[in-house]
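>>> My questions concern the predicted model and sequence given below.
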Amino acid sequence: MSDEEVVYALRWNNNIAVAIFTLISYEYILQFEKEVKFVWTKPWSMMTYLYLVVRYFGIFLAMLCACCM
């Protein structure tokens, strides 16, 4: 692979990563009102903790990996 092809592939990968991150962020914003209504205002249980870990730990890891690369 030539240097130009590598640069093109990296740029393409970065553009796709930004697009996916934007879509996921948009979905989080759209669902935030429902999340507050159904999760944050209810008594906390093990399922609440699991929901929050699954929902926010994934986006945290994605941002962490994107920043480290």
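Thanks, I have the structure now. Keep in mind the model is a prediction, meaning the values are calculated, not measured.
>>> Point out where this protein drops to low pLDDT.
Within the chain, the stretches with pLDDT under 70 are 69.
>>> mind listing the helices for the chain?
All helices of the chain, identified by DSSP state H, fall at 3-35, 46-68.
>>> and these as CSV, adding mean neighbour count?
Any C-beta I mention is one placed from the backbone N, CA and C, and that applies to glycine too. Formatted as CSV, the helices of the chain follow (neighbours: other Cβ atoms under 10 Å):
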stretch, mean neighbour count
helix 3-35, 11
helix 46-68, 11
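>>> The most centrally placed residue in the chain and residue 27: what is the separation?
With distances taken as Cα atoms, centre = their mean, residue 59 lies nearest the centre of the chain, 3.2 Å away. Residue 59 sits at a distance of 10 Å from residue 27 (criterion: Cβ to Cβ, to the nearest Å).
>>> out of everything not next to it in sequence, what's closest to the residue nearest to the centre of the chain?
residue 24 (6.5 Å; Cβ to Cβ, 6 or more residues apart in numbering).
>>> Now do the same contact list for the residue nearest to the centre of the chain.
24-25, 28 (Cβ atoms under 8 Å, 6 or more residues apart in numbering).
>>> I'd like the residues you listed laid out as TSV, including distance to residue 49.
Shown next, in TSV, are those (distance: Cβ to Cβ, whole Å):
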residue	distance to residue 49
24	21
25	23
28	18
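>>> out of those residues, who's nearest residue 10?
Of all the contacts of residue 59, residue 24 has the smallest distance to residue 10: 21.2 Å, by Cβ to Cβ.
>>> Might you quantify the distance of stretch 52-69 from its chain's geometric centre?
6 Å (Cα atoms, centre = their mean, to the nearest Å).
>>> can I have it written out in PDB, keeping just the CAs?
What follows is stretch 52-69 as a C-alpha-only set of coordinates in PDB (Å, rounded to 0.1, in the frame of the first residue of the first chain):
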ATOM      1  CA  LEU A  52     -26.600   3.300  33.300                       C
ATOM      2  CA  VAL A  53     -23.400   1.200  33.000                       C
ATOM      3  CA  VAL A  54     -24.400  -0.200  29.600                       C
ATOM      4  CA  ARG A  55     -25.700   3.100  28.300                       C
ATOM      5  CA  TYR A  56     -22.900   5.400  29.300                       C
ATOM      6  CA  PHE A  57     -19.800   3.200  29.700                       C
ATOM      7  CA  GLY A  58     -19.900   2.300  26.100                       C
ATOM      8  CA  ILE A  59     -19.900   5.900  24.900                       C
ATOM      9  CA  PHE A  60     -17.200   6.700  27.500                       C
ATOM     10  CA  LEU A  61     -15.000   3.900  26.100                       C
ATOM     11  CA  ALA A  62     -15.600   5.000  22.500                       C
ATOM     12  CA  MET A  63     -14.500   8.600  23.400                       C
ATOM     13  CA  LEU A  64     -11.500   7.300  25.300                       C
ATOM     14  CA  CYS A  65     -10.400   5.100  22.400                       C
ATOM     15  CA  ALA A  66     -10.900   7.900  19.900                       C
ATOM     16  CA  CYS A  67      -8.800  10.300  22.000                       C
ATOM     17  CA  CYS A  68      -6.000   7.900  22.400                       C
ATOM     18  CA  MET A  69      -5.500   7.100  18.800                       C
END
